[in-house]
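Undergrad: Quick one, structure for this:
(chains A and B)
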Amino acid sequence: MSNKARNTDLEKTILEYSDFLFRICFLILKNEQDVGDVIQETFIQYMRKHPKFNNEEHKKAWLIKVAQNKCKDFLRFHKKHSCVPLDEVEELLVDSTEATPSQKAQLEVIWELDYKLRSVVVLYYIEGYSVKETADMLGISEAACKKRLERARKKLKEIL
Amino acid sequence: MSHNDRINNPIISNLTMSEEMKMNILENCKKGRRTSDKLFRYSKVLATCLAVFCICISGLGVHAAISAVDERLQNMSEEEKNDYMEMNILGADAEIYTRDFTDTEVERILVLQEEYKKGRFPAETIAIVETVADVGDDELAVVKEDGKVHLPKDEMTDEQLLQLIDYDEKTRYTMDIVADEDNTVTTMDISETGDFSKEMVKKYFDVDIDDSWEFSVTQIEGELKDDKYPEYQVIYEVIFEKNGPVDEGYHLVICGDNRQLISINHNGYVTAPNNSLSYEDALARVPQGMDTVVNYIESKLDLDADTVKIYSGFNSFMEQVQTDFCYFMILDEAGNGYRIRWTVETDEITEIKFYSDKNEENINNGSVNYTLME
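TA: Residues are numbered from 1 along each chain as shown, chains lettered A, B, ... in the order given. From the prediction side, this is the model:
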């Protein structure tokens, strides 16, 4: 692929997937700046590896997997990073419609889950991936994924 | 709550990245590819390092580390350096640790890395072993087999954490050495690629490249280079375009290490197969291609057609023969290989690739099945 074609592909990929990755990473990291760093690292890896994909879903799954791994690395060492207060989250929304208290509460509950549970909830319940796909992206077994979902469900049950 | 109970929360579904951040990421990614910044060049390896330590050290700059650390790194034995370089090459993905760090381990790392910078080093260096079977449950070791750092099941001691910090710093140090070596072996600077490429286009295609052509050059680095050209350190990709990429262009790949051309092609990026000819029709035209190729190699490559072996074949993709191009592989007595792409419809040579490792045994290891031409 020529230089120009690579740049075009990179630009297209960033424009197409950055919002999607931002949403997933933000739910995990809760810090806009960290999310920016993670996503940049993800796209640099994409550009450098230039992986061959069977289709767009394959590409999307690869990007999620890389971003998830990088989120995990960040979280290992940035547990004390400041998080965006919930009120400020609304500033990040395209739709300026004010969130309802129950929607805020739902987000609070998701954020209170630890990383392992939060990551499966984001992929399974928010992005709609299957157990197998979620497990593949997180690099865990299907059994472990189901177990985490079960634990997450218990915690989320009252709100959801 | 089942899978059908999707969480549909407008706060979540409307989360978007700002346009400014998108543009910043795009620009930074582009710079990341062009720069020789080691943080980007070795991003895969860096991603595996102890993140806190990485950030602290990169903030200071590697060379700003205090003298005790410098001295320790410079005194690494050759054997130890080789071990670390091998681990760099093995790379591993972001998941290099066999378990997560505990909160207290993270807190202690923060303290110990400060002490490390002041000269508190581990009593022993981290063990680097060949296989996972060599690691006990309570041992800390780097395993070459899987490229992972195996952490003990129990909370790590200060000594073990210091070994991890030491491992990370030595990894960084050896990456620096590799990067410096990369720079020293370059014999063609990127600024020379334009003139060199013009000469090559003139030599192989008889075309004068003037200012009406758009010129671009990229140094292929990191994993991209490693995948395609593992044997070379510095690769340049040069493109001359006229009236946009779909009209006309020349594409060259040059080895910066030895100033050798790896490939040159005319309109090489027009790759969409047309296959307007049947295989039988294309095959019937091969003798015509042979004549063109023989004339070409004698005039452009200074080869004597009587002393070389010439093979021909068509590329197959998904079990379909691509009839747009016929490939001729020429092997000379000196062991050099030349793959020439002949465009069947137009009777033109449109690509030459140069090989130093081709022989009769290995010419058929790609998607073209060659037959010796009599």
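
Undergrad: so where's chain A uncertain?
TA: A:1-4, A:49, A:73, A:76-99, A:158-160 (pLDDT under 70).

Undergrad: For it, which segments are assigned as helices?
TA: A:3-29, A:32-49, A:56-77, A:86-89, A:101-112, A:115-121, A:131-138, A:142-156 (DSSP state H).

Undergrad: what sits against residue B:83?
TA: residue B:128 (CB atoms under 8 Å, 6 or more residues apart in numbering or on different chains). To be clear about C-beta, it is placed using only N, CA and C from the backbone, and glycine gets the same treatment.

Undergrad: could you redo the helices of chain A as JSON lines and give each row distance to residue B:216?
TA: Listed next are the helices of chain A as JSON lines, based on distance: least, CB to CB, whole Å:
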{"stretch": "helix A:3-29", "distance to residue B:216": "5"}
{"stretch": "helix A:32-49", "distance to residue B:216": "16"}
{"stretch": "helix A:56-77", "distance to residue B:216": "26"}
{"stretch": "helix A:86-89", "distance to residue B:216": "42"}
{"stretch": "helix A:101-112", "distance to residue B:216": "46"}
{"stretch": "helix A:115-121", "distance to residue B:216": "41"}
{"stretch": "helix A:131-138", "distance to residue B:216": "36"}
{"stretch": "helix A:142-156", "distance to residue B:216": "46"}
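
Undergrad: which one of those lies closest to residue B:102?
TA: Comparing these against residue B:102 with CB to CB, the closest turns out to be helix A:56-77 (10.1 Å).

Undergrad: Can you verify residue B:112 is assigned to a strand?
TA: No: Residue B:112 is assigned helix when assessed by DSSP: H, G, I helix; E, B strand; the rest coil, not a strand.

Undergrad: Touching, it and residue B:163? I think so.
TA: No: taking CB atoms under 8 Å as the definition, residue B:112 is not a contact partner of residue B:163, at 10.3 Å.

Undergrad: sorry, back to before: the helices of chain A into JSON lines, with extra columns for distance to residue B:80 and mean neighbour count?
TA: Shown next, in JSON lines, are these (distance: least, CB to CB, whole Å; neighbours: other CB atoms under 10 Å in any protein chain shown):
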{"stretch": "helix A:3-29", "distance to residue B:80": "36", "mean neighbour count": "19"}
{"stretch": "helix A:32-49", "distance to residue B:80": "28", "mean neighbour count": "22"}
{"stretch": "helix A:56-77", "distance to residue B:80": "26", "mean neighbour count": "20"}
{"stretch": "helix A:86-89", "distance to residue B:80": "49", "mean neighbour count": "14"}
{"stretch": "helix A:101-112", "distance to residue B:80": "44", "mean neighbour count": "15"}
{"stretch": "helix A:115-121", "distance to residue B:80": "35", "mean neighbour count": "22"}
{"stretch": "helix A:131-138", "distance to residue B:80": "35", "mean neighbour count": "19"}
{"stretch": "helix A:142-156", "distance to residue B:80": "37", "mean neighbour count": "17"}
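
Undergrad: Which of those helices sits closest to residue B:147?
TA: Closest to residue B:147 of the helices of chain A, according to CB to CB: helix A:56-77, at 14.4 Å.

Undergrad: can you give me the offset of the closest one from its chain's centre?
TA: Relative to its parent chain, helix A:56-77 has a centroid offset of 7 Å by CA atoms, centre = their mean, to the nearest Å.

Undergrad: now that helix and helix A:131-138, what's the angle there?
TA: If you take axes from the mean of the first three to the mean of the last three CA atoms, to 10 degrees, helix A:56-77 sits at 50 degrees to helix A:131-138.

Undergrad: Report all helices and strands that helix A:56-77 contacts.
TA: The contact analysis (3 or more CB pairs under 8 Å, 6 or more residues apart in numbering or on different chains; DSSP states H and E) places helix A:56-77 against helix A:3-29, helix A:32-49, helix A:115-121, helix A:131-138, helix B:51-60, helix B:103-117.

Undergrad: packing partners for the helix or strand encompassing residue B:27?
TA: Residue B:27 belongs to helix B:19-34 when assigned by DSSP states H and E. Applying 3+ CB pairs under 8 Å, 6+ apart, one finds that helix B:19-34 makes contact with helix A:3-29, helix A:32-49, strand B:214-220.

Undergrad: Please parse the chain into its domains.
TA: The chain I'm using is chain A. In the assignment given by automatic domain parsing, the structural domains of chain A cover A:3-81, A:86-159.

Undergrad: meant chain B, my bad for not saying
TA: Structurally, chain B divides into domains by automatic domain parsing as follows: B:3-182, B:190-372.

Undergrad: Could you save the ones you listed as a markdown table and add columns showing distance to residue A:129 and mean pLDDT?
TA: Below are the domains of chain B laid out as a markdown table (distance: least, CB to CB, whole Å; pLDDT from 0 to 100):
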| stretch | distance to residue A:129 | mean pLDDT |
| --- | --- | --- |
| domain B:3-182 | 9 | 70 |
| domain B:190-372 | 27 | 83 |
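
Undergrad: Next, format these as CSV and append distance to residue A:54.
TA: Shown next, in CSV, are the domains of chain B (distance: least, CB to CB, whole Å):
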stretch, distance to residue A:54
domain B:3-182, 20
domain B:190-372, 13
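
Undergrad: For the most centrally placed residue in chain A, which non-adjacent residue is spatially closest?
TA: In chain A, the residue lying closest to the centroid (CA atoms, centre = their mean) is residue A:24, at 2.2 Å. Spatial nearest neighbour of residue A:24, excluding adjacent residues (CB to CB, 6 or more residues apart in numbering or on different chains): residue A:122 at 5.5 Å.

Undergrad: and what of residue A:39?
TA: residue A:21 (5.3 Å).

Undergrad: residue in the stretch 201-350 of chain B nearest to chain A?
TA: Ranked by CB to the nearest CB, the top residue of the stretch 201-350 of chain B for proximity to chain A is residue B:218, at 4.4 Å.

Undergrad: I'd guessed that residue sits against residue B:251; true?
TA: No: between residue B:218 and residue B:251 there is no contact under CB under 8 Å: 11.1 Å.

Undergrad: okay, and the common contacts of those two?
TA: Residues touching both residue B:218 and residue B:251 (CB under 8 Å, 6+ apart): residue B:237.

Undergrad: one step back: what's the closest of the helices and strands packed on helix B:19-34 to residue A:137?
TA: Closest approach to residue A:137 among the helices and strands packed on helix B:19-34 (CB to CB): helix A:3-29, 9.9 Å.

Undergrad: How far does the closest one sit from its chain's centre?
TA: 12 Å.

Undergrad: Which strands or helices does that helix pack on?
TA: Contacts defined by 3+ CB pairs under 8 Å, 6+ apart place helix A:3-29 against helix A:32-49, helix A:56-77, helix A:115-121, helix B:10-13, helix B:19-34, strand B:214-220, strand B:235-242.

Undergrad: That one versus helix B:19-34: what angle between them?
TA: Interaxial angle of helix A:3-29 relative to helix B:19-34 (the same axes, to 10 degrees): 120 degrees.

Undergrad: Taking strand B:235-242 as reference, get the angle to helix A:3-29.
TA: 120 degrees.

Undergrad: Please identify which helix or strand holds the residue nearest to residue B:372 when sequence neighbours are not counted.
TA: Leaving aside its sequence neighbours, residue B:372 sits nearest to residue B:311 (CB to CB, 6+ apart; 5.4 Å). Element membership for residue B:311, per DSSP H and E: strand B:309-317.
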